[in-house]
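Trainee: Here is a sequence with its predicted model. Questions after.
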Amino acid sequence: MKVLIPYVKRYRKDAYIAIISVIALVFATLWQPRLLQVVMNAILKGDKATIFQQGILLIGLAIIGIIAGVINTIYSAHVALGVATDLRADLYSKVQSFAYADVEKFSASNLVVRMTNDINQVQQIVMAGFQQISRIPLLFIGAFILAMVTMPQQWWVLIGMMIIVLGVSFYSYKKMSDYFGQTQQNIEDVNTVARENLMGIRVVKSFVQEPNEIDKFSKVSDKLTKVTAKIGYNFAILMPAFFLTANIAVAIAIYIVGQNVTTHPAYLAAITSFISYLMQILFAVINGGFLMIAASRANISLGRIGEVMATTPSMNYVQGDDTPVSGNIEFDHVSFTYPGDEKPTLKDISFTVKAGEMIGIVGATGSGKTTLAQLIARLYDPDSGVIKVGGVDIKQLPEKSLRETVAYVLQRSTMFSGTISANLRQVKEDATATQMQWAANIAQASEFIERLPQTYDAPVEERSSNFSGGQKQRLSITRGVIANPKILILDDATSALDAKSEKLVQEALDKDLRHTTTVVIAEKISSIIRADKILVMDDGRVVGNGNHHQLVADNAVYQEIYKTQKAREGVK
Ligand SMILES: Nc1ncnc2c1ncn2[C@@H]1O[C@H](COP(=O)(O)OP(=O)(O)OP(=O)(O)O)[C@@H](O)[C@H]1O
């Protein structure tokens, strides 16, 4: 909970108002039974002046209580909303500072739950805290003292009731907070299964996986139901147990005091007041318990938020001015192991590419092509060796320089929801309509964009679901080339394009991005056949480096790939 203090301090004024108003509310609540007692006594005595005077006071006190309650709710909400908004913003900034590997470590969906569900829990506890935290002890102690003062002879009823009520509550709340901890985990499991299913709904439908998916979902959902039902049973027992205890205490008090009412009529007023205080004590205990449960849930959430906040990004960029670099690439004895893996994925890789050259990367699936490309874009840092871009170690390049130099187009990269132009302007802020057209022409995207009613201002849905696979790839290539990068990496980025379109993209790249170094990862040799240099990868190593003719002549792995594809596709 310490994490919250600096955030609450930012809303100091609202917090003070919330606390002062809650004190006024408690005062009004505690004083009402006392006044009622006075009014009742006056009624019994027929003292009209006191009835009138104290009656007005009673109404005034009730109004103060209502106003204080409203003010407290408003200002508690100000603090809670403010804290949640700031915490969410900080968490989001923190995640933005993460390296790709850090995001992978937590998983994207897990981070989303922390930024939404967990922040929500914290917001609720801050709200409840400012509404209840001072109210509960003040009400509890105040009502206890006033009940004692009102009917000191009934002290044992009060103490007896407190022991039973506190005992029952302690036992039940302890049990319930365990269940609430489990619920949190179960909700997360239900979320994960549902999200995975909905994101992969096409696969689910095409493989007729609905029954299996329903089965998977039912299992996690049943677990959640069971724990929730247990909480329900506990509540079902707890509430009547509380009220039974309170009612027994009240009944005992009435029985004992009732015997004296005929001789001491003032006891009637006192017992009314005494019962009100008993109810207030009960209210304090019940609310205190709920607050404890909410606090333990929020504590779990705060722990999860704190874990993200305490993570130091595994990659840092040097600060400094934008350093323009050329499109040369150099790998010098680079090896890389994925975090958590034992064996390296890339082993001792060395090669150089001159600015403006085209380099192809081929190799069996899983041989490390994408991993190598990711290292050029510095999504990961190598375990050993040096990667240079434009002659500069990429670890010495400010992030902005690297991003401006290297554009990375993935096979399944999606656009952000918004419009096509907004996506392009994320890469090149000041992109003009002509520049967008230029980029779309290269990617063979202008034809379908210009057929859309709003052309470049056409909407892009979440995960670009309103575009076909081929259109998504063309849009991604458009985004990749819009800023005229020094290095363009196309990671299987034309796989969904027909042969004719792919050829047109290649020709446009050759013509319009003549000075750009192009790194093309492809399954098909036809996509890289014209490259200045082709790297052949096998099990994390570069086992061939040359142009197509050289490799066909002397590289066994390349010959094998070429032969297989030639037979299948008729590659010349
Ligand atoms: N994020 C990751 N964490 C751990 N291991 C990974 C990760 N990404 C890839 N790998 C592993 O690294 C190896 C190389 O993967 P990579 O994606 O670089 O191969 P690739 O040659 O591009 O394959 P493909 O042609 O199928 O795309 C594989 O064995 C893969 O399982």
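Mentor: Looks like it came in fine. Numbers count the residues shown, from 1 in each chain.
Trainee: show me what contacts the closest residue to Gly320 other than its chain neighbours?
Mentor: Spatially, and ignoring its direct neighbours in sequence, Gly320 is nearest to Pro398 (4.8 Å; Cβ to Cβ, 6 or more residues apart in numbering). C-beta coordinates here come from the backbone N, C-alpha and C atoms, glycine included. Listed by Cβ atoms under 8 Å, 6 or more residues apart in numbering, the contact partners of Pro398 are Tyr317, Val318, Gln319, Gly320, Asp321, Asp322, Thr323.
Trainee: just the helices in the stretch 451-572 of the chain please.
Mentor: Assigned by DSSP state H, counting those that start in this stretch, the helices in the stretch 451-572 of the chain fall at 469-481, 499-512, 548-554, 556-569.
Trainee: relative to helix 469-481, how tilted is the second one?
Mentor: Meaning helix 499-512. Orientation check (axes from the mean of the first three to the mean of the last three Cα atoms, to 10 degrees): helix 499-512 against helix 469-481 gives 10 degrees.
Trainee: list the helices and strands helix 499-512 packs on?
Mentor: Judged by 3 or more Cβ pairs under 8 Å, 6 or more residues apart in numbering; DSSP states H and E, helix 499-512 is in contact with helix 433-442, helix 469-481.
Trainee: following the first one, which helix or strand shows up next?
Mentor: Past helix 433-442, heading to the C-terminal end, the next element that is a helix or strand (DSSP states H and E) is helix 446-449.
Trainee: Next, the buried residues of that next one.
Mentor: Ser446, Phe448, Ile449 (16 or more other Cβ atoms under 10 Å).
Trainee: same thing with stretch 173-189?
Mentor: Per 16+ other Cβ under 10 Å, stretch 173-189 contains these buried residues: Tyr173, Met176, Ser177, Tyr179, Phe180, Gly181, Gln182, Thr183, Gln184, Asn186, Ile187, Glu188.
Trainee: Specify which member of the residues you listed is nearest to Thr228.
Mentor: Ranked by distance to Thr228 (Cβ to Cβ), the buried residues of stretch 173-189 are led by Thr183 at 6.4 Å.
Trainee: doesn't Leu224 make contact with the closest one?
Mentor: Yes - using Cβ atoms under 8 Å, Thr183 is in contact with Leu224, at 6.8 Å.
Trainee: what about the helices in the stretch 201-350 of the chain?
Mentor: 201-206, 210-261, 266-309.
Trainee: Only C-alpha atoms, please: export stretch 395-410 in CSV.
Mentor: Provided in CSV are the C-alpha atoms of stretch 395-410 (Å, rounded to 0.1, in the frame of the first residue of the first chain):
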residue,chain,number,x,y,z
LYS,A,395,24.1,0.1,-28.8
GLN,A,396,25.7,3.5,-29.2
LEU,A,397,22.8,4.8,-31.4
PRO,A,398,20.0,6.9,-29.8
GLU,A,399,16.7,5.1,-30.2
LYS,A,400,15.3,7.8,-32.6
SER,A,401,18.3,7.4,-34.9
LEU,A,402,17.9,3.7,-35.0
ARG,A,403,14.2,3.8,-35.7
GLU,A,404,14.7,6.4,-38.4
THR,A,405,17.4,4.3,-40.0
VAL,A,406,15.8,0.8,-39.8
ALA,A,407,12.2,0.0,-40.9
TYR,A,408,11.0,-3.5,-40.1
VAL,A,409,8.0,-5.0,-41.9
LEU,A,410,6.7,-8.2,-40.5
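Trainee: Ile304 against Asp118, yeah?
Mentor: For residue 304 the amino acid is Arg, not Ile. Yes - at 5.2 Å, Arg304 and Asp118 qualify as touching, with contact defined as Cβ under 8 Å.
Trainee: the more surrounded of these two?
Mentor: Asp118 (23 against 20; other Cβ atoms under 10 Å).
Trainee: Find the nearest non-adjacent residue to that one, please.
Mentor: Of all residues not flanking Asp118 in the chain, Ser301 sits nearest, at 3.7 Å (Cβ to Cβ, 6+ apart).
Trainee: cool, and Ile528?
Mentor: Leaving aside its sequence neighbours, Ile528 sits nearest to Gly360 (Cβ to Cβ, 6+ apart; 2.7 Å).
Trainee: State the next helix or strand along the chain beyond whichever strand or helix holds that neighbour.
Mentor: Using DSSP H and E, Gly360 sits within strand 358-363. Sequence-wise, the next helix or strand downstream of strand 358-363 (DSSP H and E) is helix 369-376.
Trainee: in the helix or strand following that following helix, what counts as buried?
Mentor: Reading on from helix 369-376 to the C-terminus, the next helix or strand found by DSSP H and E is strand 384-389. In terms of neighbour count (16+ other Cβ under 10 Å), strand 384-389 has its buried residues at Gly385, Ile387, Lys388, Val389.
Trainee: Distance check, Ala531 against the ligand.
Mentor: 17 Å (Cβ to the nearest ligand atom, to the nearest Å).
Trainee: what about that residue, how many residues close to it?
Mentor: By other Cβ under 10 Å, neighbour count at Ala531 equals 22.
Trainee: can you tell me which residues contact it?
Mentor: Ala531 is in contact with Met358, Ile359, Gly360, Val520, Asn547, His548, counting by Cβ under 8 Å, 6+ apart.
Trainee: show me the contacts for the residue of the stretch 51-200 of the chain at minimum distance from the ligand.
Mentor: Proximity to the ligand, evaluated over the stretch 51-200 of the chain using Cβ to the nearest ligand atom, is greatest for Glu104 at 5.7 Å. By Cβ under 8 Å, 6+ apart, the contact set of Glu104 is Pro339.
Trainee: Let me know the pLDDT of it.
Mentor: At Glu104, the model reports a pLDDT of 84.
Trainee: how near is it to Asp341?
Mentor: 12 Å (Cβ to Cβ, to the nearest Å).
Trainee: helix/strand/coil for the residue lying closest to Arg135 once chain neighbours are set aside?
Mentor: Distances taken as Cβ to Cβ, 6+ apart place Val22 nearest to Arg135, at 5.0 Å, with adjacent residues excluded. Secondary structure, DSSP: H, G, I helix; E, B strand; the rest coil: Val22 is helix.
Trainee: Which residues of the stretch 51-200 of the chain lie near the ligand?
Mentor: Counting by Cβ under 6 Å from any ligand atom, the stretch 51-200 of the chain comes close to the ligand at Glu104.
Trainee: Ok, the stretch 301-450 of the chain next?
Mentor: For the stretch 301-450 of the chain, the residues in contact with the ligand (Cβ under 6 Å from any ligand atom) are Tyr338, Asp341, Thr345, Gly363, Thr365, Gly366, Ser367, Gly368, Lys369, Thr370, Thr371.
Trainee: Please pick the buried ones from these.
Mentor: Using 16+ other Cβ under 10 Å, the buried members of these are Thr345, Gly363, Ser367, Gly368, Lys369, Thr370, Thr371.
Trainee: partner residues bridging the second one?
Mentor: To tie it back to what came earlier, the one meant is Gly363. Counting by DSSP bridges, Gly363 forms beta bridges with Met537.
Trainee: so what's Ala194 closest to, chain neighbours aside?
Mentor: Using Cβ to Cβ, 6+ apart and skipping the chain neighbours, the partner closest in space to Ala194 is Phe217 (6.7 Å).
Trainee: May I see the buried residues of the helix or strand of the chain with the lowest mean pLDDT?
Mentor: Here the helix or strand of the chain ranked lowest by mean pLDDT, DSSP states H and E is helix 201-206, holding a mean of 74. The neighbour-count check on helix 201-206 (16+ other Cβ under 10 Å) flags Val204 as buried.
Trainee: Show residues contacting that helix.
Mentor: Contacts of helix 201-206 (Cβ under 8 Å, 6+ apart): Asn197, Gln209, Glu210, Glu213.
Trainee: so what's the second one up against?
Mentor: Gln209 sits next to Val203 when contact means Cβ under 8 Å, 6+ apart.
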